[in-house]
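Chemist: no sequence on this one, just coordinates:
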């Protein structure tokens, strides 16, 4: 067990990464508290209108759609550590202004829309820079482990944040909860400034003079020529649009389908995040690039369990299914992320990871209003199971394409345990 734990958390022995993880954990707990509280505030201000909730989610992620590729260019040209400090400082200032409006009782629905968009701008700059910065913290050898721990940090925050938010809203109302979230976002700024620049892994980066020539279009052409990068990105874009809107769908499911309160909504998001945490840790021991078959299998599992959540007739059955859904969802996303990161040249990492963030988060502005409309018209459950079926179909098409491209076959082995496996053309 000691050996397993030392392998799982190996990246934390690196001082710069340890500071990075601490800052991210504190901030992300506050972010998930804010997201959960914001959703509850929107439902209260809009008389439980799921479409309004969809608009807020779209406002948060539209800047990602518009600005992320530009942010990737910044990441390939300038010091990522300084960019992270600036972006997180902007997030803190905006969060504090929003909390003041809520505490004073002056907040209106349009205020939430505006601040969601402004926070989305800060997020659009910070996310691709943060994604590509991990490799500079630990180097290539520990990169799979560091990526898994970063996902575990994110999902630990998803467990703690919504659970704390549900209880805090009931005890203190939404204003003080927003204020706590604003102060927690200062942590990554402090931790980034405490890092030792001389210990960063930057040997494989091009010289500064060459980085000035980095263009967005070159990054797009680079990915277009690489089918091994393109497939996980296309699959993620479809699933992100159709199914990865649980921030929206679970709040609507809790309040409109099962008529429960903030604490019960927090239980939904905590159950999903608990499975997601185990999904992230499951890939922490990986030391090499995951195969395309692992990515596709996890995608199919995500779609299947997402469909079952949407079809579940009772509250407690949803709670029971959400951990499995969260596990496969993050296991798929993390395997796809690792496949992209470990297959890209260092000179293009910022722009390629910006494109990854675009397909991972940028589909939300398109998907969220559609999902919100489906939830309002046909029920929150329908908005989830329809997305699940679309995800299964997309993963199935990708699997057939990859099998055809490699000349491989999918076989079923019944003993000792039923499992599918791939037979390559050379083995047929």
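Modeler: Ah, there it is. All of these numbers come straight from a predicted model, not from anything done at the bench.
Chemist: ok but residue 422 is inside a strand, no?
Modeler: Yes - using DSSP: H, G, I helix; E, B strand; the rest coil, the secondary structure at residue 422 is a strand.
Chemist: Was I right to think it contacts residue 409?
Modeler: Yes - applying C-beta atoms under 8 Å, one finds residue 422 in contact with residue 409, separated by 7.3 Å. In this view, the C-beta of every residue, glycine as well, is placed from N, C-alpha and C.
Chemist: Report the secondary structure state of residue 351.
Modeler: Going by three-state DSSP: residue 351 is helix.
Chemist: Hmm, residue 223 and residue 230 touching each other?
Modeler: Yes - the pair residue 230 and residue 223 passes the contact test of C-beta under 8 Å, sitting 5.9 Å apart.
Chemist: So which of the two has more stuff around it?
Modeler: Neighbour count, other C-beta atoms under 10 Å: between residue 230 and residue 223, residue 223 has more, with 19 against 14.
Chemist: Identify the residue spatially nearest to the more buried one, adjacent ones excluded.
Modeler: residue 229 (5.1 Å; C-beta to C-beta, 6 or more residues apart in numbering).
Chemist: which ones are touching that neighbour?
Modeler: Residue 229 sits next to 223, 339-340, 343-344, 352 when contact means C-beta atoms under 8 Å, 6 or more residues apart in numbering.
Chemist: And the helices in the stretch 1-150 of the chain?
Modeler: 2-8, 15-45, 50-77, 80-103, 109-138, 143-172 (DSSP state H, counting those that start in this stretch).
Chemist: Quick check: which of the ones you listed is nearest to residue 190?
Modeler: helix 15-45 (6.9 Å; C-beta to C-beta).
Chemist: For the closest one, give the mean pLDDT please.
Modeler: Across helix 15-45, the average pLDDT comes to 87.
Chemist: Touching, residue 332 and residue 295? I think so.
Modeler: Yes - with contacts counted by C-beta under 8 Å, residue 332 reaches residue 295, the gap being 6.6 Å.
Chemist: Now for the two: what residues contact both?
Modeler: Joint contacts of residue 332 and residue 295 (C-beta under 8 Å, 6+ apart) do not exist.
Chemist: Just give me the neighbour total for residue 219.
Modeler: Residues near residue 219, counting by other C-beta under 10 Å: 24.
Chemist: ok, it - contacts?
Modeler: So, once contact is read as C-beta under 8 Å, 6+ apart, residue 219 ends up touching 69, 72-73, 76, 348, 351-352, 354-355.
Chemist: got these as a markdown table, with pLDDT, distance to residue 41 and neighbour count columns?
Modeler: A markdown table is the format used below for the contacts of residue 219 (pLDDT from 0 to 100; distance: C-beta to C-beta, whole Å; neighbours: other C-beta atoms under 10 Å):
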| residue | pLDDT | distance to residue 41 | neighbour count |
| --- | --- | --- | --- |
| 69 | 80 | 31 | 21 |
| 72 | 81 | 32 | 29 |
| 73 | 79 | 35 | 21 |
| 76 | 79 | 38 | 30 |
| 348 | 79 | 40 | 22 |
| 351 | 81 | 36 | 31 |
| 352 | 84 | 36 | 27 |
| 354 | 80 | 31 | 29 |
| 355 | 84 | 33 | 26 |
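Chemist: Residue 328: which of these is nearest?
Modeler: For the contacts of residue 219, the nearest to residue 328 is residue 355 (23.5 Å; C-beta to C-beta).
Chemist: just checking, next helix/strand downstream of the lowest-mean-pLDDT helix or strand in the chain?
Modeler: Lowest on mean pLDDT, DSSP states H and E among the helices and strands of the chain sits helix 208-211, with a mean of 54. Counting by DSSP states H and E, the next helix or strand C-terminal to helix 208-211 is helix 216-224.
Chemist: List the buried residues in that next one.
Modeler: For helix 216-224, the neighbour count (16 or more other C-beta atoms under 10 Å) marks 216, 219, 222-223 as buried.
Chemist: cool, and stretch 194-202?
Modeler: 195, 200-201.
Chemist: What is the lowest-pLDDT residue among these?
Modeler: Where pLDDT dips furthest among the buried residues of stretch 194-202: residue 201, at 80.
Chemist: Please name the nearest non-neighbouring residue to it.
Modeler: residue 139 (4.1 Å).
Chemist: Show me what counts as buried in stretch 179-190.
Modeler: Quick answer for stretch 179-190 (16+ other C-beta under 10 Å): 179-182, 184-189.
Chemist: Quick check: end-to-end length of it?
Modeler: This stretch, stretch 179-190, spans 18 Å end to end (C-alpha to C-alpha, to the nearest Å).
Chemist: looking at it, residue 336 is touching residue 239, isn't it?
Modeler: No - using C-beta under 8 Å, residue 336 is not in contact with residue 239; the gap is 9.6 Å.
Chemist: Residues in contact with both of these two, list them for me.
Modeler: Joint contacts of residue 336 and residue 239 (C-beta under 8 Å, 6+ apart) are residue 299.
Chemist: circling back: dump the contacts of residue 219 to JSON lines, plus distance to residue 318.
Modeler: Output for the contacts of residue 219, formatted as JSON lines (distance: C-beta to C-beta, whole Å):
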{"residue": "69", "distance to residue 318": "37"}
{"residue": "72", "distance to residue 318": "37"}
{"residue": "73", "distance to residue 318": "42"}
{"residue": "76", "distance to residue 318": "43"}
{"residue": "348", "distance to residue 318": "41"}
{"residue": "351", "distance to residue 318": "39"}
{"residue": "352", "distance to residue 318": "36"}
{"residue": "354", "distance to residue 318": "35"}
{"residue": "355", "distance to residue 318": "34"}
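Chemist: which stretches of the stretch 51-200 of the chain aren't confidently modelled?
Modeler: Across the stretch 51-200 of the chain, the ranges flagged by pLDDT under 70 are 155, 158-159.
Chemist: Would you mind measuring from residue 89 to residue 13?
Modeler: Noted for residue 89: a distance of 29 Å to residue 13, by C-beta to C-beta, to the nearest Å.
Chemist: more crowded one of those two?
Modeler: Neighbour count, other C-beta under 10 Å: between residue 89 and residue 13, residue 89 has more, with 16 against 11.
Chemist: and the more buried one, what is it in contact with?
Modeler: So residue 89 contacts residue 189 (C-beta under 8 Å, 6+ apart).
Chemist: from memory residue 350 sits against residue 69, does it?
Modeler: No - assessed by C-beta under 8 Å, residue 350 is found out of contact with residue 69, at 10.2 Å.
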